[in-house]
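> pasting the sequence and the predicted model now:
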Amino acid sequence: MALPDAGTGAAPFLRIEGVSKSFGSFKAVNDVSLTVEKGEIFALLGGSGCGKTTLLRMLAGFEEPTAGRIFLDGRDMAGVQPWDRPVHMMFQSYALFPHMTVAKNIGYGLKHEKMTKAERDARVREMLDLVQLTQFAGRKPHQISGGQRQRVALARALARQPKLLLLDEPLAALDKKLREHTQFELMSIQQRTGVTFIVVTHDQEEAMTLADRIAVMDKGVVRQIGSPTEIYEFPNSRFVASFIGSITSFEAKVAGREGAHLVVDVPALGGRILARDVPGVVEGQAVTLAVRPEKLNLTKERPESPNAVEGMVKDLAYFGKDSLYRIALPSGALVQAHAVNARRGMEAARVADWDDKIWLSFDPGSAIVLAD
Amino acid sequence: MKRRPMFLITMLAFGFAFFYIPILSMIVYSFNESRLATVWGGFSTKWYASLFSNRQVVAALILSLKIAVISATIATILGTMAGIALARFRKFRGRTLFSGLVTAPLIMPEVITGISSLMFFIMLAEWIGWPAQRGFTTVTLAHITFSMVFVTTVVQARMSQADRAIEEAAMDLGSRPWQVMFDVTLPVIFPAIMSGWLLAFTISLDDVVITSFTTGPGSTTLPLLIWSKVKLGVTPDINALATLMVVVVGLGVVLAGIIMNRSAARARADERMAYRSNE
Amino acid sequence: MAEPSTLRDATAPVEPRQGGAFARWLDRRGWSDILIGGPYIWLLLLFLVPFLIVVAMSVATKTSTAPPISWGGEVPLLNWEPYQRVLSDGLYLRAFLTSVMNAGIAMILCLFIGYPMALGLVRVAPSWRNILLMLVILPFWTSFLLRVYAWMGLMGRNSWFNGMLTDAWNFLVPIDWAVRSIPMMNSNFAVVLVMVYTYLPFMILPLYASLERLDTTLDEAAMDLGSRPARVFWDVTLPQSVPGIIAGGMLVFIPAAGELVIPSLVGNASSPMIGRLISDEFSMARDWPMASAIAVMLLLLMVVPTMLYSHYQAKAGGSK
């Protein structure tokens, strides 16, 4: 429907240029630059204290950057007060006005618009309809459930048609079951309204499902920006690789190039393996070789793969749909591997059992070489 | 673990007896027929009748109420401003002095506040010719000053519990700081403001020492009137007056307690409603 | 669901609303200036200035003019004589001592009565607790003056209460010691008794607050580890309620030491407390410098307990 028409040559909708924010000697945000296209869902992902919330608050206007500039739709936002910004925020605590009804909450921002009462009421009704809360219009925030409060907060922030909607941990206060449902609802509302969303979250799954693009932040710095697939499949650093999903990594050394592949020496795997080529690394350079557990194939027989090593099952955990194996290699290293339990049965379901010998292999394309 | 703490219960019983026996005794003796306040001479309500026909008492009561309402209202406005300022603005020039000024009247002995106010008004009259005479205005000014800091304490405590994000949300939705205050902050902390007002009202209505220093001829508040009578000893009409005041205040506090219980029950009902609304 | 038609028009240019100079000032910093400035100026003018006048008065010279003081002119600009008198005249030193003694004894009695009451309030069934708490707070809302007055009625020579005590006394002691009534009024005993009566809620409430916060599983853990209940009290409950004890103690001591109403009504005129002395010097002797000097000394005396109080308050606030 309303997919972002990115890259049409026009200037980016939101441009953050070298923005830093210090609190005393503490640098909360350090020289962040990024652009967001109109209609995109963009996620700022990182652990607590990584600067994502400070960045969000600078976009809302609650904090002024110490250095750098923010342009929204071509306009420099420096010195524009929160109440003058066409940017609205959905707060983590929802921050609903406890003394106002649901309808009053949603209509609050509209009193600053030049509209007649009828227009205002119509807009509120429209928003109530959008978030399916029409029957609760007259209730106070403490008379509705947590999920409903979240939708009121969303409707309130959308009512004034912001150019940019900031969502601070939008799903954190909901329980797991409700969270999944709400994720899709958020996406559908974003598509229908076409408003650009910036979501701050510490939950990588949430970021992966919701966002068109993700910026991974750490200690005030953006470590990588990309689509969920890019971030997951092609992390650019050990930090990003281990922050998103789980990973097994080994110390390695670049031995040379062979066709489209990189040859790396991995002592822990007992020899040389082939990996996807990464530009910039040179022969003899110390690197990290990383493999995601689900990219490892487990077989009883020696597979036809350039990257194969035999090990022994040391530990296994049965999760139902899949199992996690911890495999000891001859070098003494421990590797984690996931295998789907495709067959049904008590014993037959598993690929291997405790103390079984097993072959471990992976595609050169799945082996990630990380210089950082 | 569920032993009955007999010792503690005994102490509670003694404590409450200590609290209430003097007051009950005073109430009983207000119905005493005898002019001798401490010797029982039979039941009578004549002291109440004489109280209501005593124009001095009625005038003093009206004056006290007037001063208390005006001073509590202004003290609540100023005290709320100070409480919000201290809770919301972490850094401003002179904050240390300001927070000192807000706490000092709480611990300043009343007699010092009294003489300092009196000397201030006298010196002021000496320098600028105002106030020419002390009375209603000077008492009200003094009451505002020392009761506003109680309001500040109450409001500041409430503000530090309030979710800051609510104010930010209002600002984010287009409201300027002053609109945020009237639309959101004040309604949210309204119960604290009300209890601040009640506190200021009670303090003003009850004050003897500061009033006695800052008042002038013709402006006798009810506590001052009682003070001047009590200094001469115990009399049955003061017993009657005291009984009326205790009963009025007691009913007020009990009523407030019932209202608070009601709102707690309503909050529980809301919670159930919120739970059910999930379907 | 219908496509929300009005929602897709977020293309209006970003333009700040224009306002007058006043509106812009109000938005930027005027609003905080007003909020801070209003009460600030009020307190500076009506609290700090009067207080500074007291300090200035304390080094002025008494005259027979109106107002009865002067600085400079034919008298020295700074007159230290009031302070010298406060520190050398036994009357003033005795008054300070009486104040500290009376307030201190009242504080300790309040602690011994208030602590078990507060603990009792924490331990009673929750359905009772609110009612009992209200009964503790209720006297606090009734007139202070009338609470003092109530005791005047009880302590008087002909009262039933005095009579009861007299009978008890006469029954217990040898016949030679018998009295017609117990002279309770106009004594330091009366002052302390009434102080305990009027200030007891100030002790119970902070104690209750600090005891209520305690984790009862700690008690159970201590008992589980073999401590008897009395031992648990000493080892677990009491140490944790120290901030409450200090807070309550200071809330009783500070106002009690500067008390004027109680000693004036039930106290002994020949050994006055400091508050009464200030009032008498000011109103009766019309010696403003002397009254001011005593006031300044009293405030200095209050500095230590006040610091102690705010120190423990800050600690209690930080540990929440």
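That came through, no problem.

> residue ranges in chain C under the pLDDT threshold?
Of all residues in chain C, those with pLDDT under 70 make up the ranges C:1-19, C:73, C:315-320.

> give me the element the one residue sitting closest to the centre of it is part of.
Centroid check for chain C by CA atoms, centre = their mean gives residue C:255 as the closest residue, at 3.6 Å. Secondary structure here is read from DSSP states H and E; on that basis residue C:255 sits in helix C:242-257.

> how far out from the middle of the chain is that helix?
7 Å (CA atoms, centre = their mean, to the nearest Å).

> which secondary structure elements does the helix or strand just after that helix sit against?
Using DSSP H and E, the helix or strand that follows helix C:242-257 in sequence is helix C:261-266. Applying 3 or more CB pairs under 8 Å, 6 or more residues apart in numbering or on different chains; DSSP states H and E, one finds that helix C:261-266 contacts helix C:144-155, helix C:188-212, helix C:274-283. (C-beta placed from N, C-alpha, C; glycine too.)

> now do the second one against helix C:242-257, angle only.
For the pair helix C:188-212 and helix C:242-257, the angle between their directions (axes from the mean of the first three to the mean of the last three CA atoms, to 10 degrees) equals 150 degrees.

> before we move on, back to that, now render the helices and strands packed on helix C:261-266 as TSV, adding mean neighbour count and distance to chain B.
Conversion of the helices and strands packed on helix C:261-266 to TSV gives the following (neighbours: other CB atoms under 10 Å in any protein chain shown; distance: least, CB to the nearest CB, whole Å):
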stretch	mean neighbour count	distance to chain B
helix C:144-155	24	4
helix C:188-212	23	7
helix C:274-283	23	5
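
> where does chain A dip in pLDDT?
Scanning chain A for pLDDT under 70 picks out the ranges A:1-10, A:344-350.

> setting aside sequence neighbours, what's the nearest residue to the residue in the stretch 51-200 of chain B that chain C sits nearest to?
Here the stretch 51-200 of chain B gets closest to chain C at one residue, residue B:109, 2.6 Å apart by CB to the nearest CB. Spatial nearest neighbour of residue B:109, chain neighbours left out: residue C:258 (2.6 Å); criterion: CB to CB, 6 or more residues apart in numbering or on different chains.

> isn't the one you found up against residue C:274?
Yes. The criterion here is CB atoms under 8 Å, and residue C:258 meets it with residue C:274 at 6.9 Å.

> overlap in contacts, those two.
C:99, C:298 (CB atoms under 8 Å, 6 or more residues apart in numbering or on different chains).

> near chain B, which residues of the stretch 101-250 of chain A? Just list them.
Proximity of the stretch 101-250 of chain A to chain B is assessed by CB under 8 Å from any CB of the partner chain, with A:108-109, A:112, A:136, A:139-140, A:142-145, A:147-148, A:156-157, A:160 identified as the residues in range.

> top of those by neighbour count?
Each of these was scored by neighbour count (other CB atoms under 10 Å in any protein chain shown); the top score is that of residue A:156, with 31 neighbours.

> so what's residue A:53 closest to, chain neighbours aside?
Taking CB to CB, 6+ apart as the measure, residue A:53 lies nearest to residue A:200, with 5.9 Å between them; neighbours along the chain are not counted.
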